[in-house]
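*Asks:* What follows is a predicted protein model with its sequence.
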Amino acid sequence: MVKSITLFLSNKIDSPLFLTIILTSSFFLVFSLTNNPEAAAASPLVPIPKKYSPNDDLKTVQVKLSSDQNKYKHLIGILQNTGNKTIDQVIVSADLLDKDKKSLGSFSKQTELTTLNPNEMTPFDILIYDKKISDNIKDYKVNYKFNFTEYKDKKLAIVSHDSRLDMTGFYFINGKIQNTEKTSASNNTRVIAATYNKNNELAGVWKAQTEPYSIPPLTTASFTIPITDKIQAFQISNYTLLTESDKFSKLK
């Protein structure tokens, strides 16, 4: 069964962000996040209150248009399963609009978590690869499509993590994932990081696979998520980690 939902989101588009990076402030950020990893990822995905219309199955918790260091636009956001059924294969489509509400084009992407049990959240990141329309984007219409599926067992635990900003301006999140299932391996295990700035606004969405990507029963695997966008790296104040595999999702 496939369900489609359309929401009209009206946001003011910020001007391009010019950052002046002070080296001493950078070192302070590295020290703060590296020495307080629990605080950096202890909170759930951060909702920013908006006047979005909720529906029975899926709700937009946060959405914004951002730019990366290569001047590509991204529509990033957080979705929450607000229904009482598990959903999967969520496709987010964005119809980009100019100042006269005329369509500039449509772009789509699957959410980072493929399956959402009731109340669970997932980030999404739609890359708008056509730079010709970037400056004309003033609004957007978002459409969601998804399927209903079976409940996904919570068997993956994030047992440790830390972060660092290196001298070259790259930000790294490292950690370990444990498969708590006694009999089955966790295949194709992946980790997603939703990063936030000092105002608790979503800054970006990044992901990586564990090493090894198949975790045997009752064992752990390591992961490293490199954040290679230097503009974003210096904005990061905190982050939230999510993980899932083909069969399992994250423990509460």
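*Replies:* Sure, I can see it. This is a predicted model, so every value here is computed, not measured.
*Asks:* what does the average pLDDT come to for stretch 217-229?
*Replies:* Taken as a whole, stretch 217-229 has a mean pLDDT of 97.
*Asks:* Likewise for stretch 104-114?
*Replies:* Rounded mean pLDDT across stretch 104-114 is 97.
*Asks:* Alpha carbons only: can I get that stretch in CSV?
*Replies:* What follows is stretch 104-114 as a C-alpha-only set of coordinates in CSV (Å, rounded to 0.1, in the frame of the first residue of the first chain):
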residue,chain,number,x,y,z
LEU,A,104,11.7,25.7,-11.4
GLY,A,105,12.0,22.0,-11.4
SER,A,106,11.5,19.0,-9.1
PHE,A,107,14.1,16.9,-7.2
SER,A,108,13.7,13.8,-5.0
LYS,A,109,15.6,11.6,-2.6
GLN,A,110,14.9,8.6,-0.3
THR,A,111,15.2,9.4,3.4
GLU,A,112,18.3,8.2,5.1
LEU,A,113,16.6,5.6,7.3
THR,A,114,14.7,3.3,5.0
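*Asks:* Check what contacts that stretch and list those residues.
*Replies:* With contact meaning CB atoms under 8 Å, 6 or more residues apart in numbering, stretch 104-114 is reached by 75, 79, 88-98, 120, 122-130, 133, 136-137, 192, 205, 207, 242, 244, 249. C-beta here means a position set from N, CA and C on the backbone, and glycine is covered the same way.
*Asks:* Mark which of those are part of strands, please.
*Replies:* 75, 79, 88-97, 122-128, 192, 205, 207, 242, 244, 249 (DSSP state E).
*Asks:* domains of the chain?
*Replies:* By the assignment in automatic domain parsing, the chain contains the domains 2-28+44-149, 153-250.
*Asks:* Please check the ones in strands among the contacts of stretch 104-114 and keep the buried ones.
*Replies:* Neighbour-count burial (16 or more other CB atoms under 10 Å) is assigned, among these, to 75, 79, 88, 90-97, 122-126, 128, 192, 205, 207, 242, 244, 249.
*Asks:* helices and strands of this protein: which one has the lowest mean pLDDT?
*Replies:* Lowest by mean pLDDT, DSSP states H and E among the helices and strands of the chain is helix 23-35, with a mean of 43.
*Asks:* what stretches of the stretch 51-200 of the chain score poorly on pLDDT?
*Replies:* 51-56 (pLDDT under 70).
*Asks:* which residues in it form strands?
*Replies:* 58-67, 73-81, 86-97, 103-110, 115-116, 121-128, 139-149, 153-165, 171-179, 190-196 (DSSP state E, counting those that start in this stretch).
*Asks:* so which of the ones you listed comes closest to residue 229?
*Replies:* strand 171-179 (8.7 Å; CB to CB).
*Asks:* partners of that closest one in the sheet?
*Replies:* As defined by DSSP bridges, the strand partners of strand 171-179 come to strand 153-165 (antiparallel), strand 220-227 (antiparallel).
*Asks:* relative orientation of the longest one and strand 190-196 in degrees?
*Replies:* Here strand 153-165 points in a direction 50 degrees away from that of strand 190-196 (axes from the mean of the first three to the mean of the last three CA atoms, to 10 degrees).
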